[in-house]
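In: What shape does this take:
(one chain, ligands or ions: 1)
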Amino acid sequence: MNLRLFLAAALLASLTACETAGKVEPKFSSLYGDYFSNCKQCHAAGALGKTSETEKSLDFSSSAKAYATLTGGSATGLVGNQADCNGVPFIQKGDPAHSLVVAALDAGARQAFDLAGNPNCDASAISDMTVKVNKTPSTEFLSALKTWITNGAQND
Ligand code: HEC
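Out: Numbering: from 1, shown residues only. Here you go, the predicted model:
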C-alpha cells in the first residue's frame, strides 16, 4: 500500500472509532452502561445513599437486577406526596409516556405524565432523579431509552 492510501485508511479508521465511542444504543446493556449504573448509589441493597424513604423495588446494582426490577415491578415504599406513585409501573412496554422511569429522568415526560389509575402521580409527585445522581442524561440517552421501551424493552 502506498503512503497516501495508508494515511487515508488510518484517518478513516480513527473517524469510525470516534463515531462509535460514546454512542448510546436503544439496548438495555448500552442504557445501563451509559447512565443507569449511576443509580446504584441509592437504589441497591445497602447502598451508600439509601434512606428508609428510598423507593424500595428498584435495584441498579447490576445490569441484570436493573433490568429485572425495572421491567418486573412498580414503585413501592414512596412516602409523602410521592406516595401517589406507589403501584405505578417503572416501564410499560411499548409506551414510554406511561413509564415512570422516563418521567423521573425527563422533564417534558414528567409534566405530561397522566395515568388513569393514578391521577395524582403527576409532576408534583414524581421526583427528578437526574439531580440525585448529579449528572444530566444526554438527549441521546433519553431518546434511546424511549426507543428501547417503544421496541418492547427487551433484555438486550
Ligand atoms: C441520592 C439517592 C438516589 C439516587 C442516586 C437515585 N435515586 Fe431514585 N429515588 C431516591 C429516593 C429517596 C426516592 C423516593 C422519592 C423521593 O424521595 O424523591 C427515589 C425514587 C425513585 C423513583 C420513583 C418515582 C420518583 O421519581 O419518585 C424512580 C423511578 C427512581 N427513583 C429512579 C432512579 C433512577 C433511574 C436513578 C438514576 C438516574 C435514581 N433513581 C437515582 C433516591 C435516589
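
In: drop to CA atoms for contacts and neighbour counts, all remaining ones
Out: Will do.

In: do you know how far the most centrally placed residue in the chain is from residue 80?
Out: Centroid check for the chain by CA atoms, centre = their mean gives residue 36 as the closest residue, at 5.3 Å. Counting by CA to CA, to the nearest Å, the gap between residue 36 and residue 80 amounts to 25 Å.

In: near the ligand, which residues of this structure show up?
Out: Along the chain, the residues adjacent to the ligand under the rule CA under 6 Å from any ligand atom are 36, 38-39, 41-42, 49, 53-55, 75, 78, 82, 90, 100-101, 104, 126-130, 132-133.

In: Quick check: the residue nearest to the centre of the chain touching residue 60?
Out: Yes - judged on CA atoms under 8 Å, residue 36 makes contact with residue 60 at a distance of 7.0 Å.

In: Not counting stretch 136-148 itself, show me its contacts.
Out: Stretch 136-148 has contacts (CA atoms under 8 Å, 6 or more residues apart in numbering) with 23-28, 31, 34-35, 96, 102, 105-106, 130, 154.

In: Filter those down to the buried ones and hand me the ChimeraX line.
Out: The ChimeraX command for the buried members of these (criterion: 16 or more other CA atoms under 10 Å) is given here:
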select :24,25,26,27,28,31,34,35,96,102,105,106,130
